[in-house]
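Participant: my questions concern the predicted model and sequence given below.
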Amino acid sequence: QVQLVESGGGLVQAGGSLRLSCVASGRTFSSYGMGWFRQAPGKEREFVAAISGNGIITNYALSVKGRFTISRDNAKNTVYLQMNSLKPEDTAVYYCTTGASVTTMTNLRVDYWGQGTQVTVSA
């Protein structure tokens, strides 16, 4: 059974930084893309970033490009989301996901979801 466990969320002031982590188990980690989605109150879940199995290909939502960086450590079965220059509109529950590729995940086709971690950015 695939499990995705996120950590690293919290409360931060605007302009600050946070790093989210997600540890995966239950499948061959390096064979699959990994990604992050988020859902703000009253809004639909949206794509944030994705990374290929070998870590070479990445993709970002326009709203976070240049501020967020996705990376992975296949030896640790872990994917990270470094979030800098945070804004109040980044406030959301952030979900770790896994899927076939960066392209499929960008199009909201994912295989598994984590339980989510709350990120709150105060003005």
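Facilitator: Sure, I can see it. Numbers count the residues shown, from 1 in each chain.

Participant: could you find the closest non-adjacent residue to Leu84?
Facilitator: Actually, residue 84 is Asn. It isn't Leu. Spatial nearest neighbour of Asn84, excluding adjacent residues (Cβ to Cβ, 6 or more residues apart in numbering): Ser17 at 4.7 Å. For glycine as for every other residue, the C-beta is placed from the backbone atoms N, C-alpha and C.

Participant: what sits against the one you found?
Facilitator: Neighbouring residues of Ser17 by Cβ atoms under 8 Å, 6 or more residues apart in numbering: 82-86.

Participant: also Tyr112?
Facilitator: So Tyr112 contacts 2, 4, 97-98 (Cβ under 8 Å, 6+ apart).

Participant: quick check: the farthest pair among the residues you listed?
Facilitator: Maximum pairwise distance in those, criterion Cβ to Cβ, is 10.5 Å, between Val2 and Thr97.

Participant: more neighbours: which of those two?
Facilitator: Thr97 (26 against 13; other Cβ atoms under 10 Å).

Participant: element containing that one?
Facilitator: If you go by DSSP states H and E, Thr97 is part of strand 92-99.

Participant: quick one: average confidence on that strand?
Facilitator: Mean per-residue pLDDT for strand 92-99: 97.

Participant: one more: stretch 56-69?
Facilitator: On average, the pLDDT along stretch 56-69 is 97.

Participant: which residues outside the least confident helix or strand in the chain by mean pLDDT are in contact with it?
Facilitator: Ranked by mean pLDDT, DSSP states H and E, the weakest helix or strand in the chain is helix 102-106, scoring a mean of 91. Here helix 102-106 makes contact (Cβ under 8 Å, 6+ apart) with 33, 35, 47, 50-52, 57-59, 97, 99, 110.

Participant: could you redo the last one with a cut-off of 10 Å?
Facilitator: Applying Cβ atoms under 10 Å, 6 or more residues apart in numbering, the contact partners of helix 102-106 are 32-37, 47, 49-53, 56-61, 70, 97-99, 109-111.
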